[in-house]
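> output the structure for:
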Amino acid sequence: MENNEKSNSGNDSEQPWQSYHTVYTNAKAGMEGVDKEKVQRIVYEMSKGSKYFENEEKKEAYMKQKIESIRAQQAKLTDSDISHYQKIADRKIVELEATRDLSRTWLHVDMDAFYAAVETLASPSLKGKPMAVGGMSMISTANYEARKFGVRAAMPGFIARKLCPELIFVPVDFKKYTYYSGLTRKVFQEYDPNFMAASLDEAYLDITNFCSEKGMTAEEVAEELRESVNKETGLTCSAGVGPNRLLAKVCSDINKPNGQFVLPNERMAVMTFISSLPIRKIGGIGKVTENILKDVFGIATCEEMLQKSSLICALFSRSSADFFLSVGLGLGGTDTPQVTKRKSMSNERTFSSTKDEALLHQKLVDLAENLSADMKKEGLCGKTLTLKLKTSCFEVRTRAVTLPNYICSSKDILKHATKLLKAELPVSLRLMGLRMSHFSEGIAIDPKQKTLSNFIVTEEGSERGPEDQELLESNINGDTHGRRESIDLVDAYQMQDLDHIDYRHDHNDAEAVGSSDLQIDDLKDNVDNHDMIEESSLGLEARVIRFNDYEPGSSLNVREPVVWLNDYQCSVCGIELPPSFVEERQEHFDFHLAERLQEEESSNNASILKPRQRVIQNDQMNQSRQRKKQKASPSQGKHIPIDMFFAKTNQNF
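Numbering: from 1, shown residues only. Model (predicted):
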């Protein structure tokens, strides 16, 4: 007895890996019988001392700090406060219950180990062998044979090889996965023409009308759909059926692989299902949120959300409290989302850390071509280009530029993306991404249409040469190669969000974890392609984007930061965007960032301008036109002031 107590008391110091929980140790379908402690120990030993390990320690420290902060707030609550918030919670629960809709039937279909299954289909010799898609640096997907050893998506290959020495690596082939994804979507359209694709290998289908028209039960439809997908592709999939999308997503994971689970459209069945459902099963509740709910409130199941509703309303923001209470009631989206204009488009790639500029440039070329192809496919042209970088130390930086014209060609995208990248060099990177936003309103852009730049002339009134055009364009676009303006978005989000968000790739795998009605599936559908996967952000306070790493004296240092007042209203322009609109918030942030970079550039140029005579005689203008063209020298300042490119005139506009 005493010996057991001694061993338990020294457990934390002798076995530190037991408290080391990363995405690598999270269980997925097919990992139920894995020795979790063994996996934790190997992951800990293989990660210790790495940049990733250091980053995990920082996040762990942040999480503990957040937990202590909430505990301190909870300790200040009086009985009167708790009684007050209980009334608020009860009223909110009644309001949410009134929105329950049991008239629709949603089906979530998820392909089984999609990338790995496609590769096995192409190479039958891989069948029955532990295999992973990816390489020694990162794994995109692992088949079910490999998962028995604890190997999973988003795990570095060298750790996976330690867990499973016989593991076979197969390189990623997105063209192949996209082809098979197209085949599955043809099947989905037969059951719901307006199905929602969450990623390459999963989708939400409203099968209410199909069941009614065909006189089939939801279980029969799910069975038929799975057979159709297998017949069309040779691949298997799992399905979940429920009265809303949130529950359907959870159900599809219950009997994986190649299985299905149907939750009846009855309130009692839903509440029984939710009562024992672990909170981590819900899309939108990640590691940090899970730890806060467990350590501070003792909440481990969805039903306990309602039991602690007063504390949730007291200590969480309004939108977060609404989300938690909705989860406790088993509520989710039931209406098919209306088609809206796309706000942004992006793609990114993770690779082994490198500082080779030639290799980084080639990565940028590939991203520009992919982004251009995606934009042309949907007939889009954009103005704001954002470059996302993740360094070997896991610091995330972004640079954005708003262009004078709409662009969509890979040549134009690469041209401006290269300028943004050069401003960060030299640097060692492990991830790079491009995002285009501020798309045209669907109006065809006439290439012959004149723009402001067509009318800009040099100081002496003559037209610009190629060199002047390039330099002027650099000024207009706000490209500031001489100044490093990086934003540590990971740190910024972590300081105010429960779980920071790592933005998705354009190609997504089946191993996406979680999804909710709050468009969390747009963030989480790419869990298999990320080196470090985090779940949704559910803030306790206003979300603040902090601008750091600017030059001393920069006007951006004293600018008001972008703050989401009351968790939904932008403090700069007043636009209202709920926390669930993550992609729109990022696009909105890109806009303000680009806007401020341009303002900064304008202020720098204005500081070196000298008073100029604006009204001159006509004969002076005629003489200036006859002069030989002269190029303005940039020696007086960092850039040629835009003012110097306009002809002097006494005409009032």
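
> low-confidence ranges, the stretch 1-150 of the chain, go.
1-14, 16-27 (pLDDT under 70).

> let's see it at 80
1-33, 35, 37, 40, 43-44, 46-47, 49-53, 55-56 (pLDDT under 80).

> can I see the domain layout of the chain?
Annotated domains of the chain cover 1-48+132-165, 106-129+171-262 [automatic domain parsing].

> now tabulate those domains in CSV and tack on mean neighbour count.
From N, CA and C alone the C-beta is placed, and that goes for glycine too. Formatted as CSV, the domains of the chain follow (neighbours: other Cβ atoms under 10 Å):
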stretch, mean neighbour count
domain 1-48+132-165, 18
domain 106-129+171-262, 20
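
> residue boundaries of the helices in the stretch 101-250 of the chain?
Here the stretch 101-250 of the chain has its helices, by DSSP state H, counting those that start in this stretch, at 114-122, 144-147, 157-163, 174-191, 208-214, 218-233, 245-252.

> quick one: low-confidence parts of the stretch 251-400 of the chain?
Looking at the stretch 251-400 of the chain by pLDDT under 80, you get 336-342.

> how about residue 593, secondary structure?
Under DSSP: H, G, I helix; E, B strand; the rest coil, residue 593 falls in the helix class.

> gap between it and residue 420?
To residue 420, residue 593 is 12 Å away according to Cβ to Cβ, to the nearest Å.

> mutual contacts of those two, please.
residue 400 (Cβ atoms under 8 Å, 6 or more residues apart in numbering).

> out of the helices of the stretch 101-250 of the chain, nearest to residue 128?
With Cβ to Cβ as the measure, helix 144-147 is the member of the helices of the stretch 101-250 of the chain nearest residue 128 (6.5 Å).

> so which elements touch that closest one?
Contacts defined by 3 or more Cβ pairs under 8 Å, 6 or more residues apart in numbering; DSSP states H and E place helix 144-147 against strand 131-134.

> partners of the strand it packs on, with directions?
With DSSP bridges as the test, strand 131-134 is paired with strand 139-142 (antiparallel), strand 168-170 (parallel).

> redo the ones you listed as CSV? Include distance to residue 347.
Formatted as CSV, the strands paired with strand 131-134 follow (distance: least, Cβ to Cβ, whole Å):
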stretch, distance to residue 347
strand 139-142, 15
strand 168-170, 22
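
> can you say which of those strands is nearest to residue 365?
strand 139-142 (21.6 Å).

> and residue 312, what is it in contact with?
By Cβ under 8 Å, 6+ apart, the contact list for residue 312 reads 89, 297, 305, 321, 324-325.

> any idea how far residue 184 is from it?
The value you get for residue 312 to residue 184, if Cβ to Cβ is used, is 39 Å.

> now residue 31, nearest residue through space, not along the chain?
residue 147 (4.9 Å; Cβ to Cβ, 6 or more residues apart in numbering).

> which ones are touching the one you found?
Contact partners of residue 147, counting by Cβ under 8 Å, 6+ apart, are 28-31, 34.

> tell me what angle the strand or helix carrying residue 349 forms with helix 174-191.
Element membership for residue 349, per DSSP states H and E: strand 344-354. Going by axes from the mean of the first three to the mean of the last three Cα atoms, to 10 degrees, strand 344-354 is angled at 150 degrees with respect to helix 174-191.

> strand 344-354: what's the following helix or strand?
Going down the chain from strand 344-354, the next helix or strand is helix 357-377, by DSSP H and E.

> ok, now which ones touch residue 257?
By Cβ under 8 Å, 6+ apart, the contact set of residue 257 is 29-30, 112-113, 144, 236, 238.

> typed the wrong thing, it's residue 169
Neighbouring residues of residue 169 by Cβ under 8 Å, 6+ apart: 131-136, 157.

> any idea what it is bridged to?
residue 132.

> tell me how far it lies from residue 571.
Applying Cβ to Cβ to residue 169 and residue 571 gives a distance of 48 Å.

> cool, residue 436 as well?
From residue 436 to residue 571 the distance is 26 Å (Cβ to Cβ).

> same deal with residue 406?
Going from residue 406 to residue 571 by Cβ to Cβ gives 29 Å.

> who has more neighbours, these two?
Remark: of residue 406 and residue 571, residue 406 carries more neighbours, 16 against 13, as counted by other Cβ atoms under 10 Å.

> touching, that one and residue 440? I think so.
Yes. Under the criterion of Cβ atoms under 8 Å, residue 406 makes contact with residue 440 at 4.9 Å.

> what touches both of those two?
381-383.

> from these, which is closest to residue 288?
Closest to residue 288, out of all of the shared contacts of residue 406 and residue 440 and judged by Cβ to Cβ, is residue 382, at 32.9 Å.

> which residue packs closest to the closest one, ignoring adjacent ones?
Spatial nearest neighbour of residue 382, chain neighbours left out: residue 436 (3.8 Å); criterion: Cβ to Cβ, 6+ apart.

> how many residues are close by the one you found?
Neighbour tally, residue 436, other Cβ under 10 Å: 28.

> do the same with residue 324
Residue 324: 27 neighbours (other Cβ under 10 Å).

> now it: how far from residue 309?
8 Å.

> now residue 355
Residue 355 is 51 Å from residue 309, by Cβ to Cβ.

> with residue 439 instead?
Taking Cβ to Cβ, one finds residue 439 at 41 Å from residue 309.

> just residue 279 next, same as before
Distance, residue 279 to residue 309, using Cβ to Cβ: 14 Å.

> now residue 198
Taken as Cβ to Cβ, the span from residue 198 to residue 309 is 30 Å.

> same question for residue 122.
Remark: distance between residue 122 and residue 309 (Cβ to Cβ) = 51 Å.

> what do you get for residue 593?
Taking Cβ to Cβ, one finds residue 593 at 38 Å from residue 309.

> specify which residue of those two has the higher count of neighbours.
Neighbours around residue 593 and residue 309, counted as other Cβ under 10 Å, are more numerous at residue 593. The numbers are 24 against 21.

> you'd agree the more buried one is up against residue 397?
No. Counting by Cβ under 8 Å, residue 593 does not reach residue 397; the two are 11.6 Å apart.

> for the strand holding residue 349, buried residues please.
Under the neighbour-count criterion of 16 or more other Cβ atoms under 10 Å, strand 344-354 has 344-351 buried.

> next, format the residues you listed as JSON lines and append distance to residue 44.
Below are those laid out as JSON lines (distance: Cβ to Cβ, whole Å):
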{"residue": "344", "distance to residue 44": "38"}
{"residue": "345", "distance to residue 44": "38"}
{"residue": "346", "distance to residue 44": "33"}
{"residue": "347", "distance to residue 44": "33"}
{"residue": "348", "distance to residue 44": "28"}
{"residue": "349", "distance to residue 44": "28"}
{"residue": "350", "distance to residue 44": "22"}
{"residue": "351", "distance to residue 44": "25"}
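
> of those, which pair is most distant in space?
By the measure Cβ to Cβ, 344 and 351 form the most distant pair in the buried residues of strand 344-354, at 22.8 Å.

> ramachandran angles for residue 260?
With angles defined as degrees, to the nearest 10, residue 260 sits at phi -150, psi 160.

> not counting its neighbours along the chain, what's nearest it?
Going by Cβ to Cβ, 6+ apart, residue 260 has residue 239 as its nearest residue, at 4.2 Å.

> who's that neighbour bridged to?
For residue 239, the beta-bridge partners are residue 109, residue 260 (DSSP bridges).

> wait, what's in contact with it?
Residue 239 neighbours (Cβ under 8 Å, 6+ apart): 107-110, 222, 225-226, 252, 260-261.

> swap in residue 89?
309-310, 312-313, 321, 325.
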